[in-house]
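Asker: generate a structure from the sequence data that follows.
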Amino acid sequence: MDIKQLNYFLAIIEEGSITKAAERLHIAQPPLSHQLKLLEEELEIKLIERTTKKLQITGAGELLQYRAEQILQLVETTINELKNYNKEFLGVLSVGTVPSSGGILLPELLYSFHEKYPSLNFQIREGDTYRILDMLTKGIIDIGIVRTPFNSEIFESISLPFDPMMAISKDDFYLQGENEFISVTNLINVPLIIDRRFELMIVSSCKKAGFKPRILCECDDVRSIISWAETGMGVGIVPKPATGLISNPNIICREINELSLETRTTLLWLKDRHLSYIAKEFLQVFEAVV
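Answerer: Down below sits the predicted model:
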């Protein structure tokens with residue numbers, strides 16, 4: 001199995017047809033079919049079921065598709081790093097970020113960095129914290145921007161100050177009153193929409209206050225939490241910087257006055273991994289913000 005075969009395989013999956021994939025790759029159909037056959041024979045497993053109507057990817061094929069995309073991303077990153085190894089002001093900076101932090105913090109950081117290095121290109125990948133940590137571990141990205149808590153044993157990190165959690169709701173149906181602060185007890189019997197990463201933190205805080213929270217929905221993306229809250233179905237719980245993503249004027253925001261419900265934005269990278277000159281410079285820019 002080689003890089004060429006992985007590219008061929010992904011083209012077939014993306015096009016849904018060997019004929020269309022061959023046209024895209026500018027090769028004849030028989031050699032492409034032969035390469036797929038060789039790949040399946042080498043792996044001793046069926047990757048694609050061929051029918052008269054269409055191609056159907058198997059479970060093994062889905063696994064190879066996922067791994068092939070990672071492998072090719074890593075190859076591209078490695079090539080860019082090597083090509084620009086001695087070019088201090090050129091290259092690509094690859095950053096992975098969670099929406100609750102990157103959507104607010106990253107544009108300003110990248111703007112400052114772009115002014116300093118106008119020839120630099122950026123690759124920005126979004127996902128939840130687990131995905132960002134996975135991409136860091138596999139070397140797909142240089143630097144990750146996530147929110148605590150996370151397993152920090154294999155990472156170096158720089159953290160911003162702690163942010164409180166905010167309760168957000170449509171109008172004031174659930175969050176009545178003019179006070180900009182609420183306590184955890186204000187959430188008794190209130191349907192909550194939360195990030196599953198903060199579930200333990202939220203449940204523990206509520207339990208300490210003497211009640212079990214009513215969790216209506218768990219999400220992996222702060223934008224989904226905001227969207228659900230906008231429907232009026234419940235109260236979303238998000239880090240304070242994430243409220244900058246709210247555009248609906250009918251959304252009410254209240255800060256939860258509870259120290260155990262605090263989180264912080266953290267920039268991290270893999271321990272003992274070589275960092276490019278550009279990545280090191282980016283760390284310095286971030287440290288200046290802290």
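
Asker: nearest the geometric middle of this structure, what residue?
Answerer: In the chain, the residue lying closest to the centroid (Cα atoms, centre = their mean) is G127, at 1.3 Å.

Asker: got the phi and psi for D142?
Answerer: phi -80, psi -40 (degrees, to the nearest 10).

Asker: for it, which non-adjacent residue is closest in space?
Answerer: A279 (4.4 Å; Cβ to Cβ, 6 or more residues apart in numbering). Quick note: C-beta positions are derived from backbone N, CA and C, even for glycine.

Asker: let me see the contact set for that neighbour.
Answerer: By Cβ atoms under 8 Å, 6 or more residues apart in numbering, the contact list for A279 reads 93, 142-143, 269.

Asker: can we see that at 7 Å?
Answerer: Contacts for A279 were tallied using Cβ atoms under 7 Å, 6 or more residues apart in numbering; they are 93, 142-143.

Asker: quick check: which element contains K20?
Answerer: Using DSSP states H and E, the element containing K20 is helix 18-25.

Asker: kindly report the same for I194.
Answerer: Going by DSSP H and E, I194 is part of strand 191-195.

Asker: equivalent analysis for I158, please.
Answerer: strand 155-170.

Asker: next helix or strand past that strand?
Answerer: Trace forward from strand 155-170 with DSSP H and E and the next one is strand 181-182.

Asker: identify the bridge partners of R264.
Answerer: Beta-bridge partners for R264, by DSSP bridges, are F162.

Asker: quick check, E41 in a strand?
Answerer: No. Counting by DSSP: H, G, I helix; E, B strand; the rest coil, one finds E41 to be helix, located in no strand.

Asker: helix, strand, or coil at N151?
Answerer: coil.

Asker: the residue nearest to it when sequence neighbours are not counted: neighbour count?
Answerer: Leaving aside its chain neighbours, N151 sits nearest to L133 (7.6 Å; criterion: Cβ to Cβ, 6+ apart). Residues within reach of L133, counting by other Cβ atoms under 10 Å, total 21.

Asker: lovely, talk soon.
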